[in-house]
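Trainee: Build me a structure from this.
(4 chains)
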Protein chains: 2
Amino acid sequence: MPFDRSPSKAVTTSSLPKLKNVEVECSGCPIRHRAVCARCAPTELQRLEEIKYYRRYDAGQPIAWAGDDMGFVASVVKGVATISQTMADGRKQMVGLLLPSDFIGRPGRASTPYDVTAVSEVTLCCFRRKPFEQLLVTTPAVAERLLDMSLDELDAAREWMLVLGRKTAREKIASLLTIVARREATVGLSAMKGRIVVELPLTREAMADYLGLTLETVSRQISALKNEGILELDGKRRIVVPDIRLLMAETGDDMDGGLIA
Amino acid sequence: MPFDRSPSKAVTTSSLPKLKNVEVECSGCPIRHRAVCARCAPTELQRLEEIKYYRRYDAGQPIAWAGDDMGFVASVVKGVATISQTMADGRKQMVGLLLPSDFIGRPGRASTPYDVTAVSEVTLCCFRRKPFEQLLVTTPAVAERLLDMSLDELDAAREWMLVLGRKTAREKIASLLTIVARREATVGLSAMKGRIVVELPLTREAMADYLGLTLETVSRQISALKNEGILELDGKRRIVVPDIRLLMAETGDDMDGGLIA
DNA sequence: CGATTCCTTGAGACAGCTCAATTTCGGTGG
DNA sequence: CCACCGAAATTGAGCTGTCTCAAGGAATCG
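Mentor: Numbers count the residues shown, from 1 in each chain, chains lettered A, B, ... in the order given. Model (predicted):
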């Protein structure tokens, strides 16, 4: 899921005159076919076109704090953001990872119960909440797509509950990396069999917050997997998986259904 | 294997020749105002009335296994069911608790990825999947309500991720009991201030599977809370909460926003 | 090239797990 | 109604995986 860092991968986070080019017409939008607007007919897109607007966030910048009135809902066009909850004493749990095409906000409710944070540079396609709610009524295609996306997210959340509740630290790390590696492979940059290079946008601490671990445990487990040859590190944020089957064997999952084709 | 507490047991929940009487007209349905049909106009209810049918499950009986083609979707009318996932080696994680008015099944997808099990005697109000999907298109009131309920479940799942990932055993137990107690109180049987009697249909093992703990740890934590006067046990399955604020103080949550009114 | 941030590694502590009795509850049959 | 039985719950004792605290070591950025 994570890393997008699409365009040219260039030199880390620099080299970005792009940003302006993201603001395109819906018809040419990179997430046109996956986002909440995916099922809209051209005439419906027209209406969206009229009320949408873009917002940009730098890496590390908050998009919303828990309790905030967001005033808008949005689709992630570009970049990675996290949804997290923090307890009074500082314990933190990530509860969602927002990738391009994912939806932010809840129609019918003004304030988010979660913190939303840009992890990399993020571009959102926003709609003011009220008009969007109106849209849900007048445009069934949007409502249907939103229901489907919400149910997908619910499934993802439930899968993560198994990871959090029942897996060992080692299995948790393997599960996270498998998901990222598989996504990376699906997007097509690497074959499912060969070496997969995972550009991981999360710090050890963010991974720990995702997995319900401490950053030290994350570090130790990654080191262990490295020493066993299951993965290789290339700098701090790049992980190479020589054979994803070896990694998948460490997730504790059933495994048979796996392997994309 | 969970518990029986089956049909007659008489006394306790008695005074209702029930079961047969559950099969009523929608207008007199106990979950009329909370279920997926909540926002239907009388004429729309009419249509539901025509295609609904009831199913009953005994305590402990499976409603669906992971991978099954369910063929129907349903509302829980009465009783408690669980949604769970099991790993190859037997580790199990509950990912949802289905109480009256909750919805089972996913429109647009034939097979569940989860095991669904009746924990107490359960009555479902069912709709065959295809007609229901049709209904979603023709009856916006149902689609809207379903979206809202799904988003509520997503919130609940995310809240549970925090519980699973970051809370201590004691906090986990307190969180579970608070949720059940609050729901019990909301339904109106007890005031939010006074003693709340929680009829808990879950075995220690089921609670453990919910919380990502072992049954021994669950037992120990409940004993500890009992010894501190935060809760009282009345038999095996009934828990009395003298002051829910004391219990809520043990959840680790912020607490201020709490207390219904 | 210096500073900061992030990562790694170590040593000891402890929450929750495992294994193992024992007790209690709730239903059943005498 | 009471004694008995099995399932579930409790409790104990020791073990272990993960956390905590702490000290370096690398990578990235200005």
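
Trainee: Can you dump the C-alpha atoms of the helix or strand harbouring A:Arg183 in PDB for me?
Mentor: Per DSSP states H and E: A:Arg183 is located in helix A:169-186. What follows is helix A:169-186 as a C-alpha-only set of coordinates in PDB (Å, rounded to 0.1, in the frame of the first residue of the first chain):
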ATOM      1  CA  ALA A 169       5.700  -9.700  16.300                       C
ATOM      2  CA  ARG A 170       7.500 -11.600  13.600                       C
ATOM      3  CA  GLU A 171       4.200 -12.500  11.800                       C
ATOM      4  CA  LYS A 172       3.000  -8.900  12.100                       C
ATOM      5  CA  ILE A 173       6.100  -7.600  10.300                       C
ATOM      6  CA  ALA A 174       5.800 -10.300   7.700                       C
ATOM      7  CA  SER A 175       2.100  -9.500   7.200                       C
ATOM      8  CA  LEU A 176       2.700  -5.800   6.700                       C
ATOM      9  CA  LEU A 177       5.600  -6.300   4.300                       C
ATOM     10  CA  THR A 178       3.700  -8.900   2.400                       C
ATOM     11  CA  ILE A 179       0.800  -6.500   1.800                       C
ATOM     12  CA  VAL A 180       3.100  -3.800   0.700                       C
ATOM     13  CA  ALA A 181       5.200  -6.100  -1.500                       C
ATOM     14  CA  ARG A 182       2.100  -7.600  -3.100                       C
ATOM     15  CA  ARG A 183       0.700  -4.200  -3.900                       C
ATOM     16  CA  GLU A 184       4.000  -3.200  -5.300                       C
ATOM     17  CA  ALA A 185       4.100  -6.300  -7.400                       C
ATOM     18  CA  THR A 186       0.500  -5.900  -8.500                       C
END
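
Trainee: is any part of it close to DNA strand D?
Mentor: Yes: applying Cβ under 7 Å from any atom of the strand, one finds helix A:169-186 in contact with DNA strand D at A:169-170. Where you see a C-beta, it was placed from the backbone N, CA and C, and this is true even at glycine.

Trainee: Contacts for that helix, please.
Mentor: Helix A:169-186 is touched from outside by A:1-3, A:163-164, A:167, A:190-192, A:196-200, A:207, A:210-213, A:217-218, A:220-222, A:224-225, A:231, A:239, A:241, A:244, A:247-248, A:250-253, A:260, with contacts defined as Cβ atoms under 8 Å, 6 or more residues apart in numbering or on different chains.

Trainee: Go again with 7 Å.
Mentor: The contact list for helix A:169-186, computed with Cβ atoms under 7 Å, 6 or more residues apart in numbering or on different chains, reads A:1-2, A:163, A:167, A:190, A:192, A:196, A:198, A:200, A:207, A:210-211, A:213, A:217-218, A:221-222, A:225, A:239, A:241, A:244, A:247-248, A:250-252, A:260.

Trainee: Quick check: buried residues in that helix?
Mentor: Judged by neighbour count using 16 or more other Cβ atoms under 10 Å in any protein chain shown, the buried positions of helix A:169-186 are A:169-182, A:184-185.

Trainee: Ok, stretch A:55-69 next?
Mentor: For stretch A:55-69, by 16+ other Cβ under 10 Å, it's A:56-57, A:63-64, A:68.

Trainee: re earlier: quick one: buried ones out of the contacts of helix A:169-186?
Mentor: Among the contacts of helix A:169-186, those classed as buried by 16+ other Cβ under 10 Å are A:1-2, A:163, A:167, A:190, A:196, A:198, A:200, A:207, A:210-211, A:213, A:217-218, A:221-222, A:225, A:239, A:241, A:244, A:247-248, A:250-252.

Trainee: Now A:Gly67: closest residue in space that isn't a chain neighbour?
Mentor: Excluding its sequence neighbours, the residue lying closest to A:Gly67 (Cβ to Cβ, 6 or more residues apart in numbering or on different chains) is A:Ser111, at 5.6 Å.

Trainee: picking that back up, immediately after the helix holding A:Arg183, which helix or strand?
Mentor: Following helix A:169-186 in sequence order, the next helix or strand is strand A:196-199 (DSSP H and E).

Trainee: Now A:Thr139: closest residue in space that isn't a chain neighbour?
Mentor: With Cβ to Cβ, 6+ apart as the criterion, A:Thr139 has its nearest non-adjacent residue at 5.4 Å, and that residue is A:Glu44.
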